[in-house]
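Peer 1: I would like the atomic coordinates for the input below:
(one chain, ligands or ions: 2)
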Amino acid sequence: MIAGDNGAVHWSLVVPLKPLALAKSRLSEATGGAMRPRFALAFAQDTVSRALSCRTVRDVVVVTDDPLAAAELTALGARVVPDSPGAGLNAALAHGAAEVRARRPAAALAALNADLPALRPDELERVLAMARQFPRAFLADAAGIGTTFLSAAPGTELRPAFGGHSRHRHLASGAVEIELDGVESIRRDVDTGDDLRAALALGVGPRTAARCATAPAAWGS
Ligand SMILES: Nc1nc2c(ncn2[C@@H]2O[C@H](COP(=O)(O)OP(=O)(O)OP(=O)(O)O)[C@@H](O)[C@H]2O)c(=O)[nH]1
Ligand SMILES: C=C(OP(=O)(O)O)C(=O)O
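Peer 2: Ligands and ions are numbered 1, 2, ... in the order given. Sure, this is the predicted structure:
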C-alpha cells in the first residue's frame, strides 16, 4: 500500500469513457444528438479534473479510444490508455486496472464513472477513506440500482460487474457497500435529462455549467 506523509493511502482511479460519438445515448432526447458528445466530454472533464484535485488521489487513468477526449483529459493531467480489449465497460475497467498494477503492483485502485459532473473532491475523499477499510467496496448510484465507484485494495482484484443492476451484482460478489450520508455528488451519474437537472441542483463543474449555459431555457441555468 502506498501511503503519503500523513499515512493516507494514495489511490489510482480508473475512469472508463466510451467514444464521445456513442456516449450518453440516453441523453439525446434532452440535449439533441449533435450536442450530446460535447456534454459527454464536459462531464468527463469535470469528473477527472475534480478527482485529480483530491489529496489522496495519486493518478487517474482514463480508458478510452476517443482522440479528442484523450487530448483534453491528458491536458488535465490524466494518463490515457486505449480501450484495447474493445469488449465493453467491464473489460475496459479490468484493462485499466491491469495497467495501473503493471506499474505499481501494490496500488490501491478504484473505478469511477466518467459521468459525475457534480463530483465534489471532499465527498470523494470521504468515500476513499471508507473504501480503504475493505478489500473491495462500492458506492451505489443515486437510484440505488447501479454503481458509480468500485475499489480494490492492494493485492485484491477489482472484478468489475458494472452495467444495469450492478449494485446487486457487486454485493453478491462480496464487495462491501459504502453507506455514507452526504456523498450524493459521487452517486449522481448522469444518464438522462432528469439526471442532469439533479446534478445541476447539486452544483456541477465549470465545463458542464458552460455547456448548459448555451441552452439556459432547457436547464434553467
Ligand atoms: N472505455 C469504455 N468505457 C465505457 C464503455 N461502456 C461504457 N463506458 C463508460 O462507463 C461509464 C458508465 O457507462 P454509462 O453510464 O452506461 O454511460 P454511456 O454508456 O455513455 O451511456 P448510454 O449510452 O446512455 O448507455 C461511462 O463513463 C461510460 O463512458 C466501453 O465499452 N468502453
Ligand atoms: C454502468 C452502470 O449503469 P448505467 O449504464 O445505468 O449508468 C452501472 O450502474 O453499473
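Peer 1: just the strands in this protein please.
Peer 2: 11-16, 57-63, 79-81, 108-112, 136-140, 147-152, 176-177 (DSSP state E).
Peer 1: can you list the ones you listed in TSV and add mean pLDDT, mean neighbour count and distance to ligand 2?
Peer 2: For glycine as for every other residue, the C-beta is placed from the backbone atoms N, C-alpha and C. Shown next, in TSV, are the strands of the chain (pLDDT from 0 to 100; neighbours: other Cβ atoms under 10 Å; distance: least, Cβ to the nearest ligand atom, whole Å):
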stretch	mean pLDDT	mean neighbour count	distance to ligand 2
strand 11-16	98	26	9
strand 57-63	98	22	14
strand 79-81	98	18	19
strand 108-112	98	26	10
strand 136-140	98	23	8
strand 147-152	98	26	4
strand 176-177	98	14	13
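Peer 1: mind putting those strands in CSV, distance to ligand 1 included?
Peer 2: Below are the strands of the chain laid out as CSV (distance: least, Cβ to the nearest ligand atom, whole Å):
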stretch, distance to ligand 1
strand 11-16, 3
strand 57-63, 4
strand 79-81, 9
strand 108-112, 8
strand 136-140, 13
strand 147-152, 8
strand 176-177, 18
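Peer 1: output those strands as TSV; include the columns distance to residue 42.
Peer 2: As requested, the strands of the chain are arranged in TSV below (distance: least, Cβ to Cβ, whole Å):
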stretch	distance to residue 42
strand 11-16	14
strand 57-63	15
strand 79-81	17
strand 108-112	16
strand 136-140	22
strand 147-152	17
strand 176-177	29
